[in-house]
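Novice: can't give you the sequence, but here's the structure:
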């Protein structure tokens with residue numbers, strides 16, 4: 001059992017050659033938002049991952065094991081709803097409006113210039129279709145916004161805000 005308790009965001013500081021030789025592990029979003037999980041890498045090694053609380057893992061991040069070995073994380077394809085504006089009458093604004101409505105419901109959402117992705121939810125799918133969006137079920141990697149880079153609510157219900165990027169939420173001037 002190999003323990004990994006360090007994460008290099010997007011493999012920063014590592015050469016491409018090293019990354020190409022590294023083992024990899026495919027994790028879906030449910031697992032990538034946990035701080036502690038077990039997984040098996042591409043070399044068949046059992047991994048025990050212990051990360052700082054509230055740190056979500058993204059595809060392209062690299063786990064560092066105690067023995068110094070590196071494991072590249074890939075976002076595993078999972079069931080998602082792929083949302084696009086109607087090909088005939090839709091506009092990019094429709095996508096923006098859909099993202100706004102989904103954001104209000106605090107569902108994890110992946111924002112792309114030409115589509116959105118959310119986890120399968122027939123209530124939301126119906127709402128989006130009523131807004132004339134095209135909603136298709138697909139198996140794709142899911143990289144929602146927020147995650148490790150914003151406030152991330154862990155399972156114990158506490159919101160952890162990371163101020164690494166100088167976003168100040170304090171309005172007392």
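Specialist: Sure thing, it's come through. Nothing here was measured: the structure is a model prediction, and the numbers come from that model. Numbering: from 1, shown residues only.
Novice: any idea how this structure splits into domains?
Specialist: Annotated domains of the chain cover 2-75, 77-141 [automatic domain parsing].
Novice: in its sheet, what does the helix or strand hosting residue 135 sit against?
Specialist: For residue 135, the host element (DSSP states H and E) is strand 133-141. Strand pairing for strand 133-141, using DSSP bridges, gives strand 77-85 (antiparallel).
Novice: which other residues reach the partner strand?
Specialist: 28-30, 90-92, 94-95, 98, 110, 114-121, 124-125, 128, 133-142 (C-beta atoms under 8 Å, 6 or more residues apart in numbering). For every residue, glycine as well, the C-beta is placed using N, CA and C.
Novice: what is the least confident helix or strand in the chain?
Specialist: strand 152-153 (a mean of 40; mean pLDDT, DSSP states H and E).
Novice: tell me how far the residue nearest to the spatial centre of the chain lies from residue 94.
Specialist: Geometric centre of the chain, nearest residue: residue 143, 3.3 Å, by C-alpha atoms, centre = their mean. From residue 143 over to residue 94 the distance is 22 Å, taken as C-beta to C-beta, to the nearest Å.
Novice: can you redo the domains of the chain as a markdown table with mean pLDDT and mean neighbour count?
Specialist: Below are the domains of the chain laid out as a markdown table (pLDDT from 0 to 100; neighbours: other C-beta atoms under 10 Å):
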| stretch | mean pLDDT | mean neighbour count |
| --- | --- | --- |
| domain 2-75 | 94 | 16 |
| domain 77-141 | 96 | 15 |
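Novice: ok, residue 28 - contacts?
Specialist: By C-beta under 8 Å, 6+ apart, the neighbours of residue 28 are 75, 76, 78, 142.
Novice: swap in 7 Å and give it another go.
Specialist: Listed by C-beta atoms under 7 Å, 6 or more residues apart in numbering, the contact partners of residue 28 are 76, 78.
Novice: equivalent analysis for the one 3 residues further on, please.
Specialist: When contacts are counted by C-beta under 7 Å, 6+ apart, residue 31 is found next to residue 37.
Novice: helix or strand for it, which one?
Specialist: Applying DSSP H and E, one finds residue 31 within helix 29-32.
Novice: what about that helix, distance to the chain center?
Specialist: 7 Å (C-alpha atoms, centre = their mean, to the nearest Å).
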